[in-house]
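fold the stuff below for me.
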Amino acid sequence: GTEPNAMAGELLRACRHRISLGDIDVSVGASIGVAFAEPGIDADELIRRADLAMYEAKRTQVGVRRWSGQTRSASRQRVSLSGDVERGFDAGEFELFFQPIVDITTEAVVDVEGLLRWRHPQHGVLLPGDFLELVEGIGHRSSMDRVVFDQAASLAARLQPRNIDVSVNVSAGSLLRSSVPQVLDAALRRYDVVPQRITVEVIEDE
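Here you go, the predicted model:
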């Protein structure tokens, strides 16, 4: 029973190193899910359980997580959401919720911060912690970038006459993708916004 866990630990240690991408040093890691075969469990179910355990390992940042009944309970919503991501983008359910940033000395709004939310028809408004790894896992991070930059630029265009900027959060992993500058540039051009009106704040990937 301990051999798969030991192997997972060895794989995790082998993945933990730094690499250089030009002038950038990048930390590499992994999240591993472990599931054990049981009577009546076929290969597809075994892989599904390992996948769920992997999501839990990533969410909790523990490196390795073994599937259990508790994992199943904690991940039930994640499983149901994983099939809804593409539909959610097509239906426009991902949106930025904007909160003002106020200068306390003048009480003037100086910035507006956009926070990504998923307005799910069954589960209500979901926070990034509920869906970011799912979006990443099924290859829709570029769709998320387009939503964030498009909605931020749209609001920035309306606020431009009032000299109010718009801030958005982008993960460090997103900035490593070559498509991000083009997506941002297209949004700025679409709404005729000067680049200085959009502030991109880099957050650490989970």
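
could you use CA atoms for every contact and neighbour count after this?
Will do.

count the residues that sit near the spatially closest residue to residue 140 that is not a sequence neighbour.
Setting aside the residues directly before and after it, residue 140 is nearest to residue 86 in space (Cα to Cα, 6 or more residues apart in numbering), at 7.6 Å. Residues near residue 86, counting by other Cα atoms under 10 Å, number 15.

just checking, next helix/strand downstream of whichever strand or helix holds residue 150?
Taking DSSP states H and E as the definition, one finds residue 150 inside helix 141-159. The helix or strand immediately downstream of helix 141-159 is strand 165-171, counting by DSSP H and E.

for this structure, longest strand please?
Counting by DSSP state E, the longest strand found in the chain is strand 108-120.

could you report the distance from the most centrally placed residue in the chain to residue 126?
Centroid-nearest residue in the chain, with Cα atoms, centre = their mean: residue 132, separated by 2.9 Å. In this structure, residue 132 and residue 126 are 10 Å apart, going by Cα to Cα, to the nearest Å.

so how far is stretch 18-33 off the chain centroid?
17 Å (Cα atoms, centre = their mean, to the nearest Å).

show me the shaky parts of the protein.
Counting by pLDDT under 70, the chain shows low-confidence ranges at 1-2, 21, 26, 59-61, 69-80, 82, 137-138, 173-174, 176-178, 204-206.

go with 90
Scanning the chain for pLDDT under 90 picks out 1-87, 103, 107, 110, 122-124, 126-145, 160, 163, 169-181, 201-206.

please enumerate the helices of it.
Counting by DSSP state H, the chain has helices at residues 3-15, 43-60, 69-82, 85-90, 128-137, 141-159, 172-175, 179-191.

angle of the fifth one against helix 43-60?
What that stands for is helix 128-137. Between helix 128-137 and helix 43-60, the angle comes out at 130 degrees (axes from the mean of the first three to the mean of the last three Cα atoms, to 10 degrees).

and helix 128-137, how far out from the chain middle?
Remark: helix 128-137 is offset 5 Å from the chain centroid, using Cα atoms, centre = their mean.

what's the answer for the longest one, then?
Centre-to-centre, helix 141-159 and its host chain are 15 Å apart (Cα atoms, centre = their mean).

what's it in contact with?
With Cα atoms under 8 Å, 6 or more residues apart in numbering as the test, helix 141-159 has contacts from 89, 94-96, 114, 116, 135, 164-168, 170, 174, 179-180, 183-184, 187-188, 191-193, 197-198.

again, 7 Å this time
When contacts are defined by Cα atoms under 7 Å, 6 or more residues apart in numbering, helix 141-159 is touched by residues 95-96, 114, 135, 165-166, 183-184, 187-188, 191-193, 197.

only the buried subset of these, as a PyMOL command please.
For the buried members of the contacts of helix 141-159, the matching PyMOL selection, counting by 16 or more other Cα atoms under 10 Å, is:
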select buried, resi 95+96+114+135+165+166+183+184+187+188+191+193+197
